[in-house]
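Chemist: one predicted model, sequence on top.
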Amino acid sequence: MAFKAVLAGCGGMSKGWLTAISSHPLLEGRVEMVGLVDLDRATADARAAEFGLEAAVIGTDLDAVLSETRPDLLFDVVVPPARAGVVETGLRHGCHVLSEKPMATSIAEARAMVGRARQVGRVHAVVQNRRFISGVRRLRRLIESGTLGDLTSLNCDFFIGAHFGGFREEMDNVLLLDMAIHTLDAARYMSGKTPRAVYCLETNPPGSWYRHGAAANAIFEFDDNVVFNYRGSWAAEGANTSWESAWRIVGTKGTVLWDGAEQFLARVVAGDTGFFRDLQDIEVPAPADDDQTHGHASVIAEFLDAIETGRAPETDGSDNIKSLAMVFAAIESAKAGQRMPIFT
Ligand SMILES: NC(=O)c1ccc[n+]([C@@H]2O[C@H](COP(=O)([O-])OP(=O)(O)OC[C@H]3O[C@@H](n4cnc5c(N)ncnc54)[C@H](O)[C@@H]3O)[C@@H](O)[C@H]2O)c1
C-alpha cells in the first residue's frame, strides 16, 4: 500500500521532489500525495496543477492540512528558518518527516529535532542527496578497499558563480550553511571518519552579490590524523567546478583525483626506488548498489525502505547532525578566528 504524504513548501525544490515521486522507477506507486501546503496559496495551486494533484488538499496552514489528511509522511521542503516549526508540527501529527537540507539553522534546533523524533517514535531524516550519487559512492568504496593505503587527506575545491536570487542572497553564512553542508557531508561519508575540529576563514569576496559569507576556506581534523581541506566560493566567476567539487584524495600508497563529474584518475606506487616512484593506474570500483546513485529519488526511497523495515535511514537526523556540526563549528571558528572542536 502506498504511503500517504503531504508536502510543505511548494517553491523551486518541490518540483524535483514531485518529479521523483511521480516518475522515478525507485518510487513508482509508493507515495500518494494527499496534500500540498505553501504560505503562498497560488504557489501551491500552481504546483498541484503542474503535477495533476488538484484532488489533493491544498492550503496555507500545515496544521489544518495535516488534521484533514492524516498522512503517514510529511515532506518538508520549506526555507531553512521555517524548518524547525514544520518538523515539530509533522511529528506532533504522528508523521515520519523527511526534510530538505540544511537540517536546522542551529545545532540546538537540530538536537531538539532528534530528541523529539525519538520521543514520539517517528523517523526524521534529511535529504542529503549529494552523497547519493555515483562518484561519491565509488570514492567511498575505493577508500574502504584500502587500495590507496591509509587515508591521509581529502582536498576539495568548489568554485561556482551562481546567481540564484531569493533567500540565499539575503541569508547569513550562505555558502557554509546552504551548500557546503553537502560537501562536508560527502567528505565525512567518503572517509568514514569522525570530524574532531576545524579552523575556518569565511569571507564575502569583493564583488559578491550575496549579503554574507559567499566564500570559505576550512581545514578539518578528522580521526586517525586525516585532514580535510575545503575551499569554496559561490561568487567565483569564470571557471565553474562541478557542483560536487573537484577532489584530490590522498592515502599512504597513492592518490585519486575526481573532477566531480565523470573523470577519475587513481594511481598507487608500484616500486620502491627512484626520486619519483613508479606508479600504476588503478580502477575506481563501481557503486555497490546502483539504486543509491539517483539523488533525491534514492534518498526518498531509502527513507521509505527504512520506515518499512523499522531501521534508521542513512541520513537520519541523529547522523545528519554530525555533518551539520561541521558547518556550525566552521561558522563559530570563523567568528572567533580560532580552531573549534566539533561536538554533536
Ligand atoms: N538538496 C538540494 O540539492 C537542494 C537544492 C535546492 C534547494 N534545496 C533546499 O530546499 C529548501 C527549499 O528551497 P527552494 O529553493 O525550494 O526555496 P523557495 O524559496 O523556492 O521555496 C520555498 C517555499 O517554502 C514556502 N514556505 C516558507 N515557509 C513555509 C511554511 N512555514 N509552510 C509552508 N510553506 C512555507 C515559501 O512560500 C516558498 O514557496 C531549502 O532548504 C533549500 O536549501 C535543496
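Modeler: Received it, and whenever you're ready, just let me know what you need.
Chemist: count the residues that sit near the residue of the chain found nearest the ligand.
Modeler: Ranked by Cβ to the nearest ligand atom, the top residue of the chain for proximity to the ligand is residue 11, at 1.8 Å. Heads up, the C-betas are built off the backbone N, CA and C, glycines and all. Residue 11 sits with 17 neighbouring residues when counted by other Cβ atoms under 10 Å.
Chemist: with adjacent residues omitted, what lies nearest to it?
Modeler: Once its chain neighbours are removed from consideration, residue 11 has its nearest residue in residue 43; the separation is 6.5 Å (Cβ to Cβ, 6 or more residues apart in numbering).
Chemist: where's that neighbour, which helix or strand?
Modeler: Using DSSP states H and E, the secondary-structure element containing residue 43 is helix 41-50.
Chemist: sheet-wise, list the partners of the helix or strand that that helix is followed by with their directions.
Modeler: From helix 41-50 onward toward the C-terminus, using DSSP H and E, the following helix or strand is strand 57-59. Strand pairing for strand 57-59, determined by DSSP bridges: strand 31-37 (parallel).
Chemist: who in the stretch 151-300 of the chain is up against the ligand?
Modeler: Remark: the part of the stretch 151-300 of the chain in contact with the ligand comprises 166, 167, 178, using Cβ under 6 Å from any ligand atom.
Chemist: who wins on neighbours among those?
Modeler: Highest count within these by other Cβ under 10 Å belongs to residue 178, 20 neighbours.
Chemist: which stretches in the stretch 101-250 of the chain count as helices?
Modeler: Here the stretch 101-250 of the chain has its helices, by DSSP state H, counting those that start in this stretch, at 107-120, 134-145, 174, 181-191.
Chemist: neighbouring contacts of the helix or strand bottoming out on mean pLDDT in the chain?
Modeler: Within the chain, judged by mean pLDDT, DSSP states H and E, the helix or strand with the poorest mean is helix 174; its value is a mean of 95. For helix 174, the surrounding residues in contact (Cβ atoms under 8 Å, 6 or more residues apart in numbering) are 168, 210, 211, 212, 213, 214, 234.
Chemist: check the offset of it from the chain's centre.
Modeler: A distance of 14 Å separates the C-alpha centroid of helix 174 from that of its chain, computed with Cα atoms, centre = their mean, to the nearest Å.
Chemist: excluding its backbone neighbours, what's nearest residue 72?
Modeler: Closest residue to residue 72 in three dimensions, ignoring its sequence neighbours and counting by Cβ to Cβ, 6+ apart: residue 3, at 4.6 Å.
Chemist: returning to that earlier point: list the buried residues for the helix holding residue 43?
Modeler: By neighbour count with 16 or more other Cβ atoms under 10 Å, helix 41-50 contains the buried residues 43, 44, 45, 47, 48.
Chemist: pLDDT at the residue nearest to residue 11, what is it?
Modeler: If you check residue 43, the pLDDT there is 98.
Chemist: pretty sure it contacts residue 9?
Modeler: No. Under the criterion of Cβ atoms under 8 Å, residue 43 lies out of contact with residue 9, with a separation of 9.0 Å.
Chemist: centre-most residue in this protein?
Modeler: Closest residue to the average C-alpha location of the chain: residue 128 at 2.7 Å, with Cα atoms, centre = their mean.
Chemist: surely that residue and residue 323 touch.
Modeler: Yes. Contact between residue 128 and residue 323 holds when scored by Cβ under 8 Å: they sit 7.0 Å apart.
Chemist: who touches both of the two?
Modeler: Here residue 128 and residue 323 have 181, 185 as joint contacts, going by Cβ under 8 Å, 6+ apart.
Chemist: for the closest residue to residue 124 other than its chain neighbours, list the residues it contacts.
Modeler: Of all residues not flanking residue 124 in the chain, residue 117 sits nearest, at 3.8 Å (Cβ to Cβ, 6+ apart). Each residue near residue 117 by Cβ under 8 Å, 6+ apart is listed here: 91, 97, 123, 124, 317.
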